[in-house]
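Chemist: Here is a sequence with its predicted model. Questions after.
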Amino acid sequence: MNVKFTARRFRAHPDIREHALETVKKLDRFYDGIVTADIILSFERVTKSVKMAEVNLHVHGAVLTARGKSEDFIKSIDATVEKLEVQLAKYKTKKRSKAKGKTPEINEET
């Protein structure tokens, strides 16, 4: 999986960056068809210190997106990854059910 990290309007601390990359790479356990992941960290409000994390996962045929907000970037990242785990499970079951519904083609040679 190719992971791209972006911090909007600030420089992310190396610990936050490392935590985000490790946490998102663990999503490979749930679905191995993830092509790329985009991690975006930003401030929603500077005055009240609301920090937002957004992760976009590009899988075969779809883009899964989740956002999390809290007073800490690590909590935001963890909340976002939990949402993506649920989305990946749903996507995986939907993909499996479509594959089960198909009947295999039989080539008859006469």
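Modeler: Okay, I see it.
Chemist: Give me the distance between stretch 8-22 and the centre of its chain.
Modeler: Distance of stretch 8-22 from its chain centroid, counting by CA atoms, centre = their mean, to the nearest Å, is 16 Å.
Chemist: May I see the buried residues of the top strand by length along the chain?
Modeler: Assignment by DSSP state E gives strand 34-45 as the longest strand of the chain. Buried residues in strand 34-45, counted by 16 or more other CB atoms under 10 Å: 34, 37-43. For the C-beta atoms, the positions are set from N, CA and C on the backbone; glycine is no exception.
Chemist: Please, where are all the helices along the chain?
Modeler: 14-25, 73-101 (DSSP state H).
Chemist: could the ones you listed be laid out in a markdown table, adding distance to V55, mean neighbour count and mean pLDDT?
Modeler: Converted to a markdown table, the helices of the chain look like this (distance: least, CB to CB, whole Å; neighbours: other CB atoms under 10 Å; pLDDT from 0 to 100):
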| stretch | distance to V55 | mean neighbour count | mean pLDDT |
| --- | --- | --- | --- |
| helix 14-25 | 6 | 16 | 97 |
| helix 73-101 | 5 | 15 | 92 |
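Chemist: Any chance of these in TSV with distance to L57 as columns?
Modeler: What follows is the helices of the chain, written out as TSV (distance: least, CB to CB, whole Å):
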stretch	distance to L57
helix 14-25	8
helix 73-101	6
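Chemist: middle-most residue in the protein, spatially?
Modeler: L57 (4.1 Å; CA atoms, centre = their mean).
Chemist: before we move on, back to that, which outside residues touch the longest strand of the chain?
Modeler: 1-10, 12, 16, 20-21, 24, 27-28, 49-60, 69, 73, 76-77 (CB atoms under 8 Å, 6 or more residues apart in numbering).
Chemist: and if you look at stretch 59-69?
Modeler: With contact meaning CB under 8 Å, 6+ apart, stretch 59-69 is reached by 31, 33-35, 44, 50-57, 75-81, 83-84, 87-88, 91.
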